[in-house]
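[1] give me the fold of what follows.
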Amino acid sequence: MGLHSEEISITVDAGGDATVYSSGVSGRIHRIKIAPGTLTSGGVNFTVTSETHGDSILALTDLSADQDKYPRVIVSNNAGGALTAYDHFIIQSDDRVKVVVDDGGNALTGSITIFYEG
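    Model prediction:
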C-alpha cells in the first residue's frame with residue numbers, strides 16, 4: 001500500500017461541459033486537487049462521483065481558483081443516525097472516479113488530481 005495520484009486532464013466542449021474518468025481507483029481517497037486552468041473563472045462547477053455506484057465524493061460550484069479538498073463521509077451509528085463528530089475516508093473498490101464539469105467556457109482546459117491510498 002502506498003499513496004498514489006492520478007491527474008486527469010479536462011477539456012470542455014463548446015457548451016462548457018465535460019465528463020472525464022480516472023482509471024480504476026482502489027483504496028481511500030485522501031485529497032482532490034482541482035486546477036481550473038483556463039476554464040471560465042467564477043462560474044465553473046465540478047461534480048465528482050464514483051462511476052459504478054454514483055456515490056458522491058465532492059461537489060463544488062462557481063470555482064474561480066485552484067482548490068485542495070479532503071472529502072470525507074459522516075459515520076453513522078448502528079441505528080442509521082449520523083455521528084456528526086466523526087468522519088471517515090471515502091473508499092473506492094476498483095471503480096473509476098467520474099468528474100462532470102459545466103459552465104467551463106468554450107473549449108477551455110483544466111485538470112483534477114486524485115490522491116488515494118491503495
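
[2] count the neighbours of residue 110 for me.
    24 (other C-beta atoms under 10 Å). For every residue, glycine as well, the C-beta is placed using N, CA and C.

[3] can you check residue 61 too?
    So residue 61, with other C-beta under 10 Å, has 11 neighbours.

[4] mind checking the SS state of the closest residue to it other than its chain neighbours?
    Among residues not flanking residue 61 along the chain, residue 45 sits closest, at 4.9 Å (C-beta to C-beta, 6 or more residues apart in numbering). Here residue 45 is recorded as strand under DSSP: H, G, I helix; E, B strand; the rest coil.

[5] check residue 39 too.
    When classified by three-state DSSP, residue 39 comes out as coil.

[6] now stretch 24-39: how far from the chain's centre is it?
    Distance of stretch 24-39 from the chain centroid (C-alpha atoms, centre = their mean, to the nearest Å) equals 5 Å.

[7] grab the most central residue of this protein for me.
    Centroid-nearest residue in the chain: residue 48, 3.6 Å away (criterion: C-alpha atoms, centre = their mean).

[8] who's that residue bridged to?
    Taking DSSP bridges as the rule, residue 48 bridges to residue 58, residue 99.

[9] ok, the helix or strand of the chain with the lowest mean pLDDT: who's next to it in the sheet?
    Lowest on mean pLDDT, DSSP states H and E among the helices and strands of the chain sits strand 72-76, with a mean of 89. Note on strand 72-76: by DSSP bridges, its sheet partners are strand 82-102 (antiparallel).
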